[in-house]
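S.K.: dropping a prediction and its sequence here:
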Amino acid sequence: MRFYVATGFLDTGEIVEIAKAADDLGYDGIGIPDHIVNLETLSTPYPYTRDGQRRWQPFTHWPDPWVLVGALAQATTRLKFVTTVYVPAMRDPYAAAKAIGTAAFLAGGRVELGVGVGWCEDEFALVGQRFDRRGKRTDEMLELLAELWAPGWTEFHGEFYTAPRLEMEPSPPPIPVYVGGLSEVALRRAARHDGWIGDLISTERAVAAVDRLRDLRAEAGLSMDDFTVLTPLTDAVTVADYERAEAGGITHILTMPWAFYAGLDCTLADKIDGMARFRKDLRLD
């Protein structure tokens, strides 16, 4: 099982040091969430809490993922970087392809593109993108991104996007695509790609999602070999807990290790100490 450190809601100034420590301590990757802005008032309820309220407070940092990856890649040597999750349908596909591809090039193949279709209609409206049919646009945009990242000349003719014959450099190394979301539609989309990203859920629910993904992959003639299942778990603390998760098909854990020792509101030194203690307690070294 691989362990990724989540950077959601952290002060941007801490993330480089967190990444450097994670690289030195033997963690496998860094998870980077994404929002362009945080609107004071929303008409869209947040779908991942019971009361529809957001999990973060106003003025929480949301650094641009690809600028951040470019910086982190220069400060680390092994860590992978996954977005948890990036919303392509909220962007112009060519600007997104350029930013993601450049970050992946600078990171030497250590970028993993985690995507979602988005939940915040207000944010889509602000940036001038349609909220309806965003799932179909996401599917087509992922096809277009793959074409834009391929070496040589390419052109594209889809329902939503059309590209004349062009090329985009630098061509990045291969970028695996993981799909986030808990719905049946999200699981079906994930099964067509390289992995699935879960939300804060129980091990039981995550394993049930893995079982469904296995069925969907089998229907398409695909195995679960090399298929990534990355999720935070609400009930995994001990070695036995993580062994149970791994036996259920969960391959990657997204976690904030310091939360087990010093809570979420702690100093940078506490965070790094918690990361070291976590690896020692789980006998990961």
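M.R.: On my side now, so go ahead.
S.K.: buried residues, stretch 249-266. List them.
M.R.: Across stretch 249-266, burial judged by 16 or more other CB atoms under 10 Å covers Gly249, Ile250, Thr251, His252, Ile253, Leu254, Thr255, Met256, Pro257, Trp258, Tyr261, Ala262. The way it works is simple: take the backbone N, C-alpha and C, and place the C-beta from them, glycine included.
S.K.: give me the number of residues near the closest residue in space to the third one that isn't next to it in sequence?
M.R.: Put plainly, it is Thr251. Residue nearest to Thr251 in three dimensions, not counting chain neighbours: Val229, with 4.9 Å by CB to CB, 6 or more residues apart in numbering. Neighbour count of Val229, defined by other CB atoms under 10 Å: 25.
S.K.: try the one 4 residues further on
M.R.: Residues near Leu233, counting by other CB under 10 Å, number 22.
S.K.: distance of the nearest residue to it once chain neighbours are set aside from Val237?
M.R.: Residue nearest to Leu233 in three dimensions, not counting chain neighbours: Thr203, with 5.4 Å by CB to CB, 6+ apart. Distance, Thr203 to Val237, by CB to CB, to the nearest Å: 11 Å.
S.K.: of the two, which one has the most company?
M.R.: Thr203 (18 against 12).
S.K.: OK, contacts around the more buried one?
M.R.: The neighbours of Thr203, taking CB atoms under 8 Å, 6 or more residues apart in numbering as the test, are Leu233, Asp235, Ala236, Asp241, Arg244, Ala245, Gly248, Ile250.
S.K.: and Leu10, by the same measure?
M.R.: Leu10 neighbours (CB under 8 Å, 6+ apart): Ile18, His61.
S.K.: tell me the buried residues in whichever strand or helix holds Ala71?
M.R.: Taking DSSP states H and E as the definition, Ala71 sits inside helix 65-75. Applying a neighbour-count criterion of 16+ other CB under 10 Å, the buried positions in helix 65-75 are Pro65, Trp66, Leu68, Val69, Gly70, Ala71, Leu72, Ala73.
S.K.: for Glu143, state which of those is nearest.
M.R.: Taking CB to CB as the measure, Glu143 lies nearest Trp66 of those, at 20.0 Å.
S.K.: what ranges do the helices span in the stretch 101-250 of the chain?
M.R.: 121-126, 134-149, 184-191, 203-219, 239-247 (DSSP state H, counting those that start in this stretch).
S.K.: skip the chain neighbours and tell me the closest residue to Ala1.
M.R.: In this structure residue 1 is Met, not Ala. Glu246 is the one closest to Met1 (CB to CB, 6+ apart), at 4.6 Å.
S.K.: please apply the same query to Pro232.
M.R.: Nearest to Pro232 is Leu254, by CB to CB, 6+ apart, at 4.5 Å.
S.K.: I'd say that neighbour and Thr231 touch.
M.R.: Yes: Leu254 lies in contact with Thr231 (CB atoms under 8 Å); the separation is 6.3 Å.
S.K.: which neighbours do those two have in common?
M.R.: In contact with both Leu254 and Thr231: Ile197, using CB under 8 Å, 6+ apart.
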